[in-house]
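Visitor: what's the 3D shape of this:
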Amino acid sequence: MITVRTDSIFYWLCLICAALAGLLMLGFFVQLSLSSAATWREFGLGFLFSRDWDPVANHFGALPSIVGTLCTTVIALLIAIPLAFAAALFLVDAPPLIAGVLSHAIDLLAAIPSVIYGMWGLFVLAPIMQAHVQPFMVDVLRLHQLPLLGRYVGEYYNGFGILTAGLILAIMVLPYICAILRDVIRMTPPMLREAAYGIGCTRWETAKDIVLRYGIRGVLGGIFIGLGRALGETMAVLFVIGNLMDMPEDIFSGATTIAATLANNFAEADGLQRSALFALGLVLLLMSFAIQVAAQYYLHATSARRGESRS
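Guide: Now for the predicted structure:
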């Protein structure tokens, strides 16, 4: 009797906790939707495609912030994912002493406050970008003269902009992705990896064809944890992106993100501008939600190819 009662209490406790998460998400949507209603009535869906942000004229558009958010996030993930995967592969097979020291060092990156990353980016990374990295890309590699890539690489630079913000974000999300990938690789049955080595597969082929396929759900989970951090990061980006409410022309251009726009304008915002900022928050939440839905759809659609049962 006591066991049955305890199980029932535990069941309802778990159900309440699970429902609470859903209610919180619903509450976010409702609050942001109600607070941004004036913006949607005034501008409609044109708010998403407008480039103007003029508080004096009470005309606001979300496109520069959306583009800046997507650009910095894509750059961050393109840099962080390969580095995190390579680091995770090395740490799993490294000697215990080396693996322990390096694992703790990478994990400590996640404990650094974002404002510290921003200060480091402002006083260290931005000068390095201006004095060495960007001149190398423009004057030595001449990337801006390439037929297709050149349109995304500017000829003028000052150390700030989308590329610098993306690098900061890559450093910030790397420990989160690496920690998940380490666990995914460790959970891969050793016999699968040994069998791959036995038939002549290289480490890269084993990682690509065995580890990634076996742990695709965990890999995507780690990537989306990093993606969520990159999409919503504020302070670190605020220091180095340039904070210009204009459409970026290239990766060296100053720009803004949704989170940076909220941080810059919310304190003194009122009326329609405040509503526009709530609308930006709703757009950011919907972007994160849409990405999660797309990932789950991909996993479900490809489950048969991985030998999983659809449920």
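Visitor: Residue 272 - nearest residue in space that isn't next to it in sequence?
Guide: In space, residue 272 comes closest to residue 58 once its chain neighbours are excluded; the distance is 5.1 Å by Cβ to Cβ, 6 or more residues apart in numbering. Just so you know, the C-beta spots here come from the backbone N, C-alpha and C atoms, and that holds for glycine as well.
Visitor: Is the one you found in contact with residue 270, as I believe?
Guide: No. With contact defined as Cβ atoms under 8 Å, residue 58 and residue 270 do not form a contacting pair (10.8 Å).
Visitor: Look at those two and report which has more neighbours.
Guide: Shown here are residue 58 and residue 270; by other Cβ atoms under 10 Å, residue 58 has more neighbours (11 against 8).
Visitor: That one: what's it in contact with?
Guide: By Cβ atoms under 8 Å, 6 or more residues apart in numbering, the residues touching residue 58 are 271-273.
Visitor: do residue 62 as well
Guide: Per Cβ under 8 Å, 6+ apart, neighbours of residue 62: 47-48, 50, 258, 276, 279-280, 283.
Visitor: Now it: phi and psi?
Guide: Backbone torsions of residue 62, given as degrees, to the nearest 10, read phi -100, psi -10.
Visitor: Look up how far residue 75 lies from it.
Guide: Using Cβ to Cβ, to the nearest Å, one gets 20 Å for the distance from residue 62 to residue 75.
Visitor: what do you get for residue 21?
Guide: For residue 21, the distance to residue 75 - Cβ to Cβ - is 31 Å.
Visitor: Which of these two has more residues huddled nearby?
Guide: Counting neighbours by other Cβ under 10 Å for residue 21 and for residue 75 shows that residue 75 has the greater number, 21 against 9.
Visitor: Using the three-state scheme, assign that one.
Guide: helix (DSSP: H, G, I helix; E, B strand; the rest coil).
Visitor: Run a quick neighbour tally on the nearest residue to it once chain neighbours are set aside.
Guide: Closest residue to residue 75 apart from its sequence neighbours, by Cβ to Cβ, 6+ apart: residue 166 at 2.8 Å. Residues near residue 166, counting by other Cβ under 10 Å, number 25.
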